[in-house]
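Trainee: What follows is a protein structure lacking sequence information:
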């Protein structure tokens, strides 16, 4: 999981055009594998990770990664809403990988990130789009239009990870951008890339139902992933959003 997130994080840096320059904030650093790598390469990167409910093993993971790589990431134990310009300054790039769907409350955390986005800066986030009734953390279908009411079998409904989800949609992000005066755009092709990743990464495929892997293999063989890459962001999950401050 950490390796896939790292690959996605590097892609987001390339997408924002700030791979080797600018001041960067990584939101939700997890075990710190990507953070440590980037910091060791001299990038001006601040990483935050609150290790919130549903992610209690993050500190143990960070220790294992540090021991294995001999690179210790510098990570602040903060939530997004704890970041403030008077204490942490401004950033040219803020990015996250599968984090903002856990923002509680969502707007309060996004507001804090917007306040520390420098003039001309950009936020790049990839996350599920819950307009599509599918929950990738659990690999289950959701009730359309009311995902939070999806019944669970057994006791899974009580898990803290489930209750951390805010079921964010592309519409929520568009509304937030309008209220905050941010320019918004979505990267096309996220669904096609996710299906290709299912075929290429066994660890990623293992977190999803086998029927999705079969469907992805069929579509890749037949070629329609090229068509899927052209679908509008409101119709696909995951989504990658860019929020720019003029």
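Mentor: Yes, it's here. Note that this is a predicted model, so its numbers are computed, not measured. Numbers count the residues shown, from 1 in each chain.

Trainee: Which phi and psi values does residue 240 adopt?
Mentor: Residue 240 adopts backbone torsions of phi -120, psi 120, taken as degrees, to the nearest 10.

Trainee: Contact partners for the closest residue in space to it that isn't next to it in sequence?
Mentor: In this structure, residue 240 finds its nearest non-sequential neighbour in residue 187, 4.0 Å apart by C-beta to C-beta, 6 or more residues apart in numbering. C-betas here are computed from N, CA, C, even on glycine. Applying C-beta atoms under 8 Å, 6 or more residues apart in numbering, we find residue 187 in contact with 15, 233, 239, 240, 241, 242.

Trainee: The third one - how many residues pack around it?
Mentor: Right, the one you point to is residue 239. Neighbourhood size, residue 239 [other C-beta atoms under 10 Å]: 25.

Trainee: now swap in the last one and tell me
Mentor: The number of residues packed near residue 242 is 19, by other C-beta under 10 Å.

Trainee: Show me what it bridges to in the sheet.
Mentor: Bridge pairing for residue 242 (DSSP bridges) gives the partners residue 124, residue 185.

Trainee: Make a markdown table out of the contacts of residue 187 and add distance to residue 166 and pLDDT.
Mentor: Below are the contacts of residue 187 laid out as a markdown table (distance: C-beta to C-beta, whole Å; pLDDT from 0 to 100):
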| residue | distance to residue 166 | pLDDT |
| --- | --- | --- |
| 15 | 24 | 61 |
| 233 | 18 | 79 |
| 239 | 14 | 92 |
| 240 | 18 | 93 |
| 241 | 15 | 95 |
| 242 | 20 | 95 |
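
Trainee: can you list these in TSV and add distance to residue 23?
Mentor: Formatted as TSV, the contacts of residue 187 follow (distance: C-beta to C-beta, whole Å):
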residue	distance to residue 23
15	17
233	28
239	25
240	21
241	21
242	17
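
Trainee: Max pairwise distance over the residues you listed: which two?
Mentor: By the measure C-beta to C-beta, 15 and 233 form the most distant pair in the contacts of residue 187, at 14.2 Å.

Trainee: ok, these two, which is more surrounded?
Mentor: The neighbour count for residue 15 versus residue 233, taken as other C-beta under 10 Å, is higher for residue 233 (25 against 17).
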